[in-house]
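Student: Mind folding the following:
(one chain, ligands or ions: 2)
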Amino acid sequence: MNRLITRAHRLARVATRAAWALLHRRHPILAQVVPMRRCNLACAYCNEYDTTSKPVPLEEMLARLDRLADLGTSMITVSGGEPLMHPDLDAMVVRMRERGMVSSIITNGYYLSPERIRRFNAARLDYLQISIDNVEPDEVSMKSLRLLEPKLKWLAELAEFSVNVNSVVGGGIQVPEDALAVARRARELGFTSTVGIIHDGGGQLRPLDERQMAVYRALQRMGSRGDTRVNRIFQDNLAHGRPNQWRCRAGARYLYVDEGGLVHYCSQRRGTPGIPLAQYTADDLRREYDTPKACAPYCTVNCVQRVALFDNWRSPQKTVPPAGADVVPAAPAAAPASDRALAN
Ligand code: SF4
Ligand code: SF4
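Tutor: Ligands and ions are numbered 1, 2, ... in the order given. Predicted structure coming up:
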C-alpha cells in the first residue's frame, strides 16, 4: 500500500511538471549532473569515465543543484562515471526533493545493497535506472544479468522508488538476444524495461544487422512500458540508420553539467557551450533554445530527443549559431552510456 501511495504521488508530481514544461518553454526540463567521473567498471564502448578522479565535494554539488532549481529545472538525473561511488549521493537526492525537482539516478548497480536502497527510500528518490548489457559478463561489458541478479531482487523487495532496467542492442554487444532475456527478467520482477540502440566505438551510426533487428522487433512486440514507446519513431530511424528530423534544445531544455560544474550540450558535445553553471543565465537558455545543432539528424542521445518532444510542435530554430558554437558537422554522435540507458 505504501508503495502505491508513493507511486501515485510521484506520478502526480511528474504530470504537474510535464504540464509546466508544455506551457512554459524558458526553463530546463532535464539536467544531467556528474558528481563523480570515476567508474568501477570499464565498458569497452564507454567514453564517460576515468579511473582516478575524486568525488565532487557535497557542498559544491548542493550549490549546483540549487542553481539548477533557481533556473526552474524540473528533473535531475545523476550519472557518472558511477554515481554510487559518491558517498553523499543520498544527500543530493534529499536536496533535489527539497527544491521540488524530480530525482533520478543511473547506475551500473554494483554498489547497490539493502542498506543503500533503504537510504534512497529515506531520501525519497523517485527513479533509478540500472543498465544491463548481457546475460554473462564478457570483455565488452561486466554489466551482466547473472552478476546483477541479487541486486535486482533487493530492488524488487525493498525499493519504494521506480526501477527501470535498460538493455541494449548494437555497439559490439556480442549476443543480441541477451537484451530479450534482460527485458523479460525485468518484467518478472515488476520493473519497467527499455531498450537502447548503441553504435560502434567510433560513434558511427550504423543500421542494425538482421539478427539485431530481429531482437529489436521482438522487444517492440513485448511492448515497452517505458519511454521507448514515446520515442518510437526516433528509435526506429536509428535502427535503420536513417536521420531524424528534430530540433535539439540542448543547452536550454536539457543541460549536461560535468564534474567541473560546466554546462555542455550533452555528454557527446562536451565543450559547447562550456559555461560555468554558476554563470548560466536566462539569456543562455534563450540563445540555446533557438540554436540549431548540426549534429541533430544522426544524434543517438535519446534523453535529449525525448525532452525535445515538448517543443517540436513550436518555435522553429532560426538563430545562426555564433562562430565556433556548433562546428561539428552532421556526423553521428555516439550514444553515451548514461543516455543509452535512458533510451535507454
Ligand atoms: S558504461 Fe557506465 S558502467 Fe560502463 S564504464 Fe561507462 S560509466 Fe562505467
Ligand atoms: S549530440 Fe544530440 S543531444 Fe548532443 S547537441 Fe548534438 S543533437 Fe543535441
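
Student: how about the strands of the stretch 101-250 of the chain, start to end?
Tutor: For the stretch 101-250 of the chain, the strands defined by DSSP state E, counting those that start in this stretch cover 102-107, 127-131, 162-170, 192-198.

Student: what does the stretch 101-250 of the chain have sitting close to ligand 2?
Tutor: Within the stretch 101-250 of the chain, the residues that sit near ligand 2 (CB under 6 Å from any ligand atom) are 248, 250. All C-beta spots, glycine's among them, are computed from the backbone N, C-alpha and C.

Student: Which single residue of the stretch 101-250 of the chain approaches ligand 1 most closely?
Tutor: Closest residue of the stretch 101-250 of the chain to ligand 1, CB to the nearest ligand atom: N108 (3.7 Å).

Student: What's the local residue count around that residue?
Tutor: Using other CB atoms under 10 Å, N108 is surrounded by 28 other residues.

Student: now swap in G260 and tell me
Tutor: Considering only other CB under 10 Å, G260 is surrounded by 12 other residues.

Student: Quick check: pLDDT value at it.
Tutor: G260 is assigned 97 on the pLDDT scale.

Student: sorry, back to before: mean pLDDT lowest where, among the strands of the stretch 101-250 of the chain?
Tutor: strand 192-198 (a mean of 83).

Student: so when I look at T300, I'm seeing a strand, right?
Tutor: No: using DSSP: H, G, I helix; E, B strand; the rest coil, the secondary structure at T300 is coil, not a strand.

Student: With I29 as the reference, measure out to the closest residue in space to G190 that isn't next to it in sequence.
Tutor: Excluding its sequence neighbours, the residue lying closest to G190 (CB to CB, 6 or more residues apart in numbering) is A156, at 6.0 Å. Taking CB to CB, to the nearest Å as the measure, A156 falls 29 Å from I29.

Student: neighbour count winner among these two?
Tutor: I29 (28 against 14).

Student: mind pulling up the phi and psi values for the more buried one?
Tutor: According to degrees, to the nearest 10, the main-chain angles of I29 amount to phi -90, psi -40.

Student: can you check L68 too?
Tutor: The phi/psi pair for L68 (degrees, to the nearest 10) is phi -60, psi -40.

Student: Am I right that it is in contact with Y280?
Tutor: No: using CB atoms under 8 Å, L68 is not in contact with Y280, being 9.1 Å away.

Student: When those two are compared, which one has more neighbours?
Tutor: L68 (25 against 22).

Student: And that one, how far from ligand 1?
Tutor: 21 Å (CB to the nearest ligand atom, to the nearest Å).

Student: so what's the nearest residue to that residue once chain neighbours are set aside up against?
Tutor: Excluding the flanking residues, the one nearest L68 by CB to CB, 6+ apart is A31, at 5.0 Å. Shown in contact with A31 (CB atoms under 8 Å, 6 or more residues apart in numbering): 68, 73, 75-77, 254-257.
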